[in-house]
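**Student:** How does the following fold in three dimensions:
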Amino acid sequence: MQLRYQYRVYPTPGQQHMLARSFGCARVVFNDALRVRQDAYAAGVTLSDTDVQKQVVTAAKKTPQRAWLAEVASVALVQSVRDSAVAYRNWFDSMSGKRKGRKVAAPRFKSRKDNRQAIRLTRNGFSLRPNRKLYIAKVGEVKVAWSRELPSEPSSVSIIKDPAGRYFASFVVEITDEPLPEVDFEVGIDLGLTTFAVLSDGKVIESPKFFRRAERRLRKAQQSLSRKQKGSKNRVKARIRVARAHATVADARKDWAHKQSTVIIRENQAVFVEDLCVTGLARTRLAKSVHDAGWAMFTRLLEEKATRYGRTFVKVDRWFPSSQLCSACGMKDGPKPLSIREWQCTACGVVHDRDLNAAKNIHAAGRAEWLNACGGTVNPAV
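**Tutor:** Residues are numbered from 1 along each chain as shown. As a prediction, this is how the structure comes out:
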């Protein structure tokens with residue numbers, strides 16, 4: 001399987017200037033390729049990816065209007081053309097139903113005002129030098145903060161500049177699956193806002209609430225930005241301070257999610273999670289808390305690590321009434337408002353903690369779905 005390994009890089013001022021030119025040229029080529037495809041579609045003409053590439057890169061370099069494209073690495077321009085082709089193809093596949101999942105909108109033109117810039121280079125556009133520096137075509141050798149070694153030779157690298165002004169190198173590497181020793185534990189997970197997660201074995205993971213804890217600092221930085229005159233250098237500095245504050249929160253949340261998901265995958269042979277509709281919940285009055293929790297990122301990491309380490313990961317249907325069923329006898333007791341944290345089953349009299357009971361029901365439903373998919377015999381609990 002393919003994974004991305006991302007590292008912080010520190011280009012010199014001159015290298016930052018060349019990277020900025022590369023970002024700009026890649027953006028222009030992407031927009032030109034998109035415009036060519038739109039014109040061809042309107043005229044009823046079919047163009048191959050090679051025809052588009054020749055028109056917006058090879059032929060464009062020979063014109064006075066686009067002669068400056070020759071000053072940057074051509075491999076970055078070619079990859080930008082391919083990105084536009086993929087975006088256009090995904091749009092058509094989404095409209096025809098060939099692409100599963102949510103509908104994909106038509107690709108949009110990139111703007112020079114976008115705070116995140118990136119280029120992608122294949123093997124002929126970069127190399128790793130013996131001095132542990134990353135060589136980028138037309139840019140030079142860039143210092144890399146190697147936090148860990150690459151597991152294999154990278155096939156491509158993306159150079160990214162984030163809104164906070166930081167530079168990263170994201171390598172794509174091929175790795176082999178590393179199955180962990182089998183264990184006899186399984187777990188169902190009920191995600192929430194008051195507590196981040198309650199596991200069916202009784203373990204409770206408290207919500208770190210990274211955004212809520214940093215909200216006052218973020219508000220102060222945003223107020224300072226709003227007072228700066230538009231177009232001034234002080235406004236640019238204030239915008240970077242706001243971006244860095246948000247980046248600190250996002251990095252802390254991602255690091256925490258990685259650590260928690262790794263522990264759960266290592267300790268359990270099978271993990272069952274409810275398939276929450278995060279997009280719908282983000283439209284409610286709980287939107288800020290939902291985004292702060294990062295449920296989608298957490299479940300995605302669980303699924304990726306389960307695949308990598310030979311574990312089982314199952315998503316339970318989002319319409320499954322996990323909070324309405326008694327985990328002891330299976331009696332459905334009806335919906336309950338969020339204010340009710342404990343309830344007693346009217347059939348068997350067992351008193352349930354709302355979240356723990358839901359986690360046990362998710363575990364049971366996920367296990368039944370898993371065994372049924374594997375061809376096993378599944379009998380209802382009641």
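**Student:** buried ones in the lengthiest helix in the chain?
**Tutor:** Ranked by residue count, the top helix of the chain under DSSP state H comes out as helix 233-267. Within helix 233-267, the residues that qualify as buried are 235, 238-243, 245-247, 249-250, 253, 256-257, 260-261, 264-265, counting by 16 or more other Cβ atoms under 10 Å. The C-beta positions use only the backbone N, C-alpha and C, and glycine is treated the same way.
**Student:** do the same with stretch 71-87
**Tutor:** 72-85, 87.
**Student:** from these, which ones fall inside helices?
**Tutor:** Counting by DSSP H, the buried residues of stretch 71-87 place 74-85, 87 in helices.
**Student:** got CSV for these, with pLDDT and distance to residue 61 too?
**Tutor:** Compiled in CSV, those are given as follows (pLDDT from 0 to 100; distance: Cβ to Cβ, whole Å):
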residue, pLDDT, distance to residue 61
74, 95, 8
75, 96, 14
76, 96, 13
77, 97, 9
78, 96, 12
79, 96, 16
80, 96, 14
81, 96, 13
82, 95, 17
83, 95, 19
84, 94, 17
85, 93, 19
87, 93, 23
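**Student:** Serialize these to CSV and add fields for distance to residue 302.
**Tutor:** Supplementary listing: these in CSV, determined by distance: Cβ to Cβ, whole Å:
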residue, distance to residue 302
74, 40
75, 35
76, 34
77, 38
78, 36
79, 31
80, 33
81, 36
82, 31
83, 29
84, 33
85, 32
87, 29
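**Student:** ok, those vs residue 158, which is closest?
**Tutor:** Relative to residue 158, the closest of these is residue 79; by Cβ to Cβ it sits at 9.0 Å.
**Student:** show me the contacts for the closest one.
**Tutor:** Residues touching residue 79, when contacts are defined by Cβ atoms under 8 Å, 6 or more residues apart in numbering, comprise 26, 119-122.
**Student:** got CSV for those, with pLDDT too?
**Tutor:** Formatted as CSV, the entries for the contacts of residue 79 read as follows, by pLDDT from 0 to 100:
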residue, pLDDT
26, 97
119, 97
120, 96
121, 96
122, 95
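**Student:** For this protein, which residues score under the pLDDT cut-off?
**Tutor:** For the chain, the stretches with pLDDT under 70 are 373-382.
**Student:** Go ahead and flag the most central residue of it.
**Tutor:** Central residue of the chain (Cα atoms, centre = their mean): residue 297, 6.5 Å from the mean position.
**Student:** secondary structure element for it?
**Tutor:** Per DSSP states H and E: residue 297 is located in helix 295-308.
**Student:** Who are the packing partners of that helix?
**Tutor:** strand 186-191, helix 233-267, strand 270-274, strand 312-316 (3 or more Cβ pairs under 8 Å, 6 or more residues apart in numbering; DSSP states H and E).
**Student:** Output those in CSV; the columns should cover distance to residue 114.
**Tutor:** As requested, the helices and strands packed on helix 295-308 are exported to CSV (distance: least, Cβ to Cβ, whole Å):
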stretch, distance to residue 114
strand 186-191, 32
helix 233-267, 13
strand 270-274, 34
strand 312-316, 33
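**Student:** before we move on, the earlier item: list the contacts for the residue nearest to the centre of the chain?
**Tutor:** 253-254, 257.
**Student:** Is there a neighbour count for residue 123? I'd like the number.
**Tutor:** Each residue near residue 123 was counted by other Cβ atoms under 10 Å, and the total is 12.
**Student:** doesn't residue 171 make contact with it?
**Tutor:** No. With contact defined as Cβ atoms under 8 Å, residue 123 does not count as touching residue 171 (11.3 Å).
**Student:** Find the residues that touch each one of those two.
**Tutor:** What both residue 123 and residue 171 touch, as defined by Cβ under 8 Å, 6+ apart, is the set residue 156.
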